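> need coordinates for the following:
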Amino acid sequence: MQAKFLLIFVLLGTFTSRAQQLNLSPYSSYGIGSLDDFGHPTFTALGGSFTANADSTIVNYMNPASYSRLGKGQPLFSCAFSSRHGSFEQTGLNEKYHSNSINHFALAVPFANRFAWSFGLKPFSKTGYQVNDYQLVNGDSIEYIYRGSGSMNELFTGYSVNLFDIKGQQLSLGAHLSYLFGSSIHQQSASITTASSGGVEERNYQVKSIFYNFGLQYSSNFKYGRNLTLGFTYTPAQQLTASKSSTLYDAPDVSNEQSFSQLSFSKENNSINLPASMALGFAFRFRPKNDSTYNRTRVYQLTLYGDFKSTSWSQYRANFTGEQNALFQDGSSLNVGLEFAPHFQMNHRNTNINYFSRIRYRTGYQQIALPYHDNGIQRTDSGITFGLLFPILSQRSVSSLSIGVKMGQQESSYPESLKEKYLGVHFGVTIAPGVYDRWFRKYKID
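A predicted model of the protein is given here:
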């Protein structure tokens, strides 16, 4: 679908507030939909940085090596929700939209001092668009409507081990084994504008496949109050088990699916080649020295994050007969984030610490080279981010509420490119046991 077809034909009916609408991007018509980190509130607030995040107060399911860095006997349950508001603009015409979706559910459980296990469900890709085009054929005005819907989901389990912890040096290794499932449905209809009858073609891509990736984190306390963590994640190129069904309909009314009459149906079982991706990152933490061991009421913590991610999207292929694969370009992203904690232990027992000192304040910046292009010119996604973590002060647990916000825009330097400006808001909650209710704790007296 060419960028010129996206002019004003993104219909208002598609871009209205509907909680079930998963994605609102014409570019999700490519491949199996848009792939993203889907707005984990913590990583969103930090400009998308996740690789070296080893914070024991969050479930970092983006890097499985982080699970073994959780506190002993401190399982964490995490869930989040996302909302996106924005507008598309092209040649002076504008269309607004907003959507809402569930972000993730995840549970991480550390055990036996050096190990941790995780389980969760999160989106893998999303499809959602509606684009109209009009053409004059033999004196008749023909309306073409392109619709897309669906999602791919990832049910994952993870395992992590802390290989060593010697004199402030830690090395953790982790892996995810996932099951991908879901469908991406693409429908095209054609009808004369003066009548509602026409024809409809529907393509349904279904994925049911095993998927895996790996993570690594190395941390060093090289000076009092100073810690450097390096992170690495790698997803090998994989062949996903998939099927494609194609159906042709005769439609007395192209807007009413109940009126469709099936003309033909075909189904092919094959595969989709998903490209490799990797990410490198760091986290540098600084805390000033405080000579008081028991009264750390003024010990703040400052953490700088940085990530670089690359994906070989030009290697994507859907291996179905007659498939015209989208010509993706390789994608990459640069992410930086900063977190300030007025008091580095948000659940510290000292009651003299006011609540605002326990809040964590976050900001960041993100620059992404998307795999899509407009007339050969690669699209970019850039934006500033900010967010807060609010601790839940109950039994000195690390339970918390988080919010992450991104203000960004997608565009290319092509003069007629489709421009998108958006505001993404992501809410999350993390639930953990209190300090007196830790799991897997051995007691000397039963």
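
> in this structure, where is pLDDT below threshold?
Regions of the chain meeting the criterion pLDDT under 70 cover residues 1-24, 36-38, 139, 290-298, 347-351, 395, 435-446.

> now do the helices in it.
When assigned using DSSP state H, the helices of the chain occupy the ranges 41-45, 355-358.

> which outside residues touch the first one?
Surrounding helix 41-45, the residues in contact under the criterion Cβ atoms under 8 Å, 6 or more residues apart in numbering are 37, 49-50, 53, 55, 58, 62, 80, 103, 337, 362-364, 385-389, 402-406, 424, 426-428. The C-beta positions use only the backbone N, C-alpha and C, and glycine is treated the same way.

> circling back: nearest to G199, out of the helices of the chain?
For the helices of the chain, the distance to G199 is smallest for helix 41-45, at 42.5 Å, taking Cβ to Cβ.

> any idea how far that closest one is from the chain center?
10 Å (Cα atoms, centre = their mean, to the nearest Å).

> got it, and stretch 83-98?
Mean C-alpha position of stretch 83-98 versus that of the full chain (Cα atoms, centre = their mean) differs by 21 Å.

> can you point out the buried residues in it?
By 16 or more other Cβ atoms under 10 Å, the buried positions in stretch 83-98 come out as S83, R84, H85, G86, F88, E89, Q90, E95, Y97, H98.

> what does stretch 182-196 give?
In terms of neighbour count (16+ other Cβ under 10 Å), stretch 182-196 has its buried residues at G182, S183, S184, H186, Q187, Q188, S189, A190, S191.

> tell me the one of those residues nearest F284?
Within these, proximity to F284 (Cβ to Cβ) peaks at G182, which comes in at 38.2 Å.

> that closest one contacts G150, correct?
Yes. Contact status for G182 versus G150: in contact at 6.5 Å, counting by Cβ atoms under 8 Å.

> which non-adjacent residue is nearest Y365?
The shortest distance from Y365 to any residue that is not its chain neighbour, by Cβ to Cβ, 6 or more residues apart in numbering, is 4.9 Å, and that residue is G47.

> K406 versus that neighbour, what's the distance?
The span separating G47 from K406 equals 8 Å under the rule Cβ to Cβ, to the nearest Å.

> tell me which of these two has more neighbours.
A count of neighbours by other Cβ atoms under 10 Å puts G47 above the other of G47 and K406, at 28 against 24.

> ok, that one - contacts?
Under the criterion of Cβ under 8 Å, 6+ apart, the neighbours of G47 are Y305, N335, V336, G337, T363, G364, Y365, Q366, T385.

> now these as CSV including neighbour count and distance to K208?
Formatted as CSV, the contacts of G47 follow (neighbours: other Cβ atoms under 10 Å; distance: Cβ to Cβ, whole Å):
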residue, neighbour count, distance to K208
Y305, 27, 36
N335, 25, 32
V336, 19, 38
G337, 29, 36
T363, 17, 40
G364, 26, 36
Y365, 19, 38
Q366, 23, 32
T385, 26, 35
